[in-house]
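A.B. asks: Generate coordinates for the sequence data below:
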Amino acid sequence: MTIILGLDPSLSCTGWGVIRAEGSRLSHIANGQIATQAKAPIAERLAQLQRELAAVIAQHRPDRAACEEVFVNKNPQSTLKLAQARGAVLAACGAAGLDVREHSARSVKKAVVGTGAAEKTQVQAMLKVLLPGAQIAGADAADALAVAIAEAHAR
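C.D. replies: Okay, the predicted model is just below:
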């Protein structure tokens with residue numbers, strides 16, 4: 001049995017999802033979103049992401065983590081903010097001694113839906129099939145659960 005933490009980093013709202021993998025059998029443990037205040041100083045927002053994710057890790061004690069690879073936006077400022085949020089999230093994992101693997105958005109969609117060109121709605125529909133009964137906190141949490149599933153299938 002392996003506990004996997006999936007992460008979908010963002011400065012505005014980072015999604016997280018925790019699943020249990022026993023062979024090919026998956027089950028939902030928890031999921032949520034860490035939202036920051038847009039008007040707060042960037043250092044405060046990054047500290048909040050790291051602190052709240054550290055609490056999630058302490059509570060659920062995952063064996064490993066997985067994160068969506070960074071993608072380059074058309075707006076360089078958006079890419080920079082995403083990279084900073086990702087750094088805070090990865091630092092929380094590193095401080096807890098977690099091995100973190102990265103997955104492209106395309107490989108996550110393929111793992112969950114069967115095609116890398118899947119729409120977000122298709123991914124969310126498959127999450128209901130793969131993790132029956134899970135109450136998903138929002139779109140960012142759904143993306144994080146999908147990343148955790150991709151990690152479970154990759155190993």
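A.B. asks: quick one: the helices in the protein?
C.D. replies: 42-60, 76-95, 105-113, 120-130, 139-154 (DSSP state H).
A.B. asks: Quick check: buried residues in the fourth one?
C.D. replies: For helix 120-130, a neighbour-count test (16 or more other C-beta atoms under 10 Å) marks 123-124, 126-127, 130 as buried. Backbone N, C-alpha and C define where each C-beta goes, glycine included.
A.B. asks: same thing with stretch 30-44?
C.D. replies: For stretch 30-44, burial by neighbour count (16+ other C-beta under 10 Å) applies to 30-36.
A.B. asks: which residues touch that stretch?
C.D. replies: 11-18, 45, 48-49, 52-53, 56, 59-60, 81, 84, 134, 136-138, 140-142, 144-145 (C-beta atoms under 8 Å, 6 or more residues apart in numbering).
A.B. asks: Now a ChimeraX select for only the buried ones of the residues you listed.
C.D. replies: Here is the ChimeraX selection string for the buried members of the contacts of stretch 30-44, based on 16+ other C-beta under 10 Å:
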select :11,13,14,15,16,17,18,45,48,49,52,53,56,81,84,134,136,137,140,141,142,144,145
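A.B. asks: Next, count neighbours for E119.
C.D. replies: 11 (other C-beta atoms under 10 Å).
A.B. asks: any idea how far it is from S12?
C.D. replies: According to C-beta to C-beta, to the nearest Å, E119 stands 22 Å off from S12.
A.B. asks: follow-up on the earlier one: columns distance to M1 and mean pLDDT on top of the helices of the chain, output as a markdown table?
C.D. replies: Output for the helices of the chain, formatted as a markdown table (distance: least, C-beta to C-beta, whole Å; pLDDT from 0 to 100):
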| stretch | distance to M1 | mean pLDDT |
| --- | --- | --- |
| helix 42-60 | 13 | 97 |
| helix 76-95 | 20 | 92 |
| helix 105-113 | 19 | 92 |
| helix 120-130 | 17 | 91 |
| helix 139-154 | 11 | 95 |
